[in-house]
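In: Here is a sequence with its predicted model. Questions after.
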Amino acid sequence: FLHHFGAAVAFGIPGGLMFIATVVFWLGRKQYVMLPPTPPDPNAFSRVLRTALLTHRPGQARPGLWIAVAGVLVALGGFSLIGPLGFVIVACLALVALIGGVGGGAWLQMERARGQHPDAAVDGARNVLRVLVIFALTTPFFSLFDQKASTWVVQGHEMTMPSWFHAAQMQALNPMLVMLLIPFNNLVLYPLLRRLGYEPTALRRMTAGIAFSGLAWIVVGGLQVVIDGGDPLSIVWQVLPYALLTFGEVLVSATGLEFAYSQAPASMKGVVMSFWNLTTTIGNLWVLLANAAVRNETVTGSIAGTGLSVTAFQMFFFAAFALLAALAFGLYARRYREVDNYRSG
């Protein structure tokens, strides 16, 4: 549609379908179970953190509070870099500094919240902070995954394909493979691994998923090297990296969503799920920073010394980024104690 009828039709059709879906959803409003909003929770996640940070015990320092203050100051000070970096990058970096400072500071002083909040609320808040480390280590995956709709399409335009085919149509492989791989994993792969004595826990699956995304980018980087060499290459070769990346998506995204939900008590599930959604934002931040770096002449000069094009170098860089993240994730996961709050509340 985009190629033959223009952007107005290509974007107008899904927009119209979304409007129809919204109307249908609205028409069924009397069929839904409507629950009244609950009053503010005095033991909510944010209130537990505030108590932990602000409670002063005689004779004890408050290092956590100073770390939180430092995080806030770094976040605010970062806006002075809007000129060279742009608002989006600075805003995302400020968010990272704020979460890291407040979360890290509250972790150090979490025990000070006991007595003012129930033990279950304090333990729940501490567990949410532990989960945030898991989430942070998944952000490189989303750096790689979201670029399939941009970097990989650009690469596809440089490959040979039939005249009736468009590089962006390779995106259709992703949902198709997702629908095939989810039942394959649940019905074939996971039972087979269990029979072999290896339990595919959520964290093990996520570790493998991040690693598979790195492998996908090694393959796509190799394809780029061939393209840069001037040799014609069929777009069919992109099927392999799409398959590897989609397999990684099934292991990370689907598993991570369920894992995030299971790790929080009922009163904090919304908080955990909101942090899970932020992993995509932070993942895209790493892409923005990498793209900003390659605009620097010193960086591009160093890349030229490797004999690779900027595009190929970035592909191998992101592959290494994901593989290092998979290693760090696996090491952290080995000492992470999982809880099961899946049915709580």
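Out: Thanks, I have it. Numbering: from 1, shown residues only.
In: what's the straight distance from one end of stretch 17-35 to the other?
Out: In stretch 17-35, first residue to last residue: 29 Å (Cα to Cα, to the nearest Å).
In: Please identify the buried residues of that stretch?
Out: When burial is assessed from 16 or more other Cβ atoms under 10 Å, stretch 17-35 yields no buried residues. In this view, the C-beta of every residue, glycine as well, is placed from N, C-alpha and C.
In: just how off-centre is it within its chain?
Out: 30 Å (Cα atoms, centre = their mean, to the nearest Å).
In: Averaged pLDDT, it. What do you get?
Out: Mean pLDDT, computed over stretch 17-35, is 92.
In: Kindly report the same for stretch 214-232.
Out: 95.
In: how far out from the middle of the chain is that stretch?
Out: 25 Å.
In: what does that stretch rub up against?
Out: Applying Cβ atoms under 8 Å, 6 or more residues apart in numbering, the contact partners of stretch 214-232 are 144, 152, 155, 158-160, 233, 237-238, 240-242, 244-245, 248, 308-309, 311-312, 315-316, 318-323, 326.
In: Also stretch 188-198?
Out: By Cβ under 8 Å, 6+ apart, stretch 188-198 touches 199-200.
In: how does it look with 6 Å?
Out: With contact meaning Cβ atoms under 6 Å, 6 or more residues apart in numbering, stretch 188-198 is reached by residue 200.
In: ditto for stretch 295-312
Out: For stretch 295-312, using Cβ under 6 Å, 6+ apart, the contacting residues are 221, 224-225, 228, 293-294, 313.
In: Out of the residues you listed, which end up buried?
Out: By 16+ other Cβ under 10 Å, these give 221, 224-225, 313 as buried.
In: Pull out the buried positions in the stretch of helix or strand residue 76 belongs to.
Out: Residue 76 belongs to helix 63-77 when assigned by DSSP states H and E. Residues of helix 63-77 classed as buried: 64-65, 67-68, 71-72, 74-75 (neighbour count, 16+ other Cβ under 10 Å).
In: Dump those residues to a markdown table, plus pLDDT and distance to residue 10.
Out: Formatted as a markdown table, the buried residues of helix 63-77 follow (pLDDT from 0 to 100; distance: Cβ to Cβ, whole Å):
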| residue | pLDDT | distance to residue 10 |
| --- | --- | --- |
| 64 | 93 | 51 |
| 65 | 94 | 52 |
| 67 | 96 | 49 |
| 68 | 96 | 47 |
| 71 | 95 | 43 |
| 72 | 96 | 44 |
| 74 | 95 | 42 |
| 75 | 95 | 39 |
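In: What is the nearest of those residues to residue 30?
Out: Closest approach to residue 30 among those (Cβ to Cβ): residue 75, at 44.9 Å.
In: so which helix or strand takes in residue 313?
Out: Going by DSSP H and E, residue 313 is part of helix 310-334.
In: again, but for residue 14
Out: Assignment of secondary structure by DSSP H and E places residue 14 within helix 7-27.
In: Repeat that for residue 197.
Out: Residue 197 belongs to no helix or strand, assigned by DSSP H and E.
In: follow-up on the earlier one: and of the buried residues of helix 63-77, the nearest to residue 165?
Out: residue 75 (46.2 Å).
In: Could I get the full set of strands for the stretch 1-150 of the chain?
Out: Here the stretch 1-150 of the chain has no strands by DSSP state E, counting those that start in this stretch.
In: which stretches of it form helices?
Out: 2-5, 7-27, 45-54, 63-77, 82-85, 87-108, 119-145 (DSSP state H, counting those that start in this stretch).
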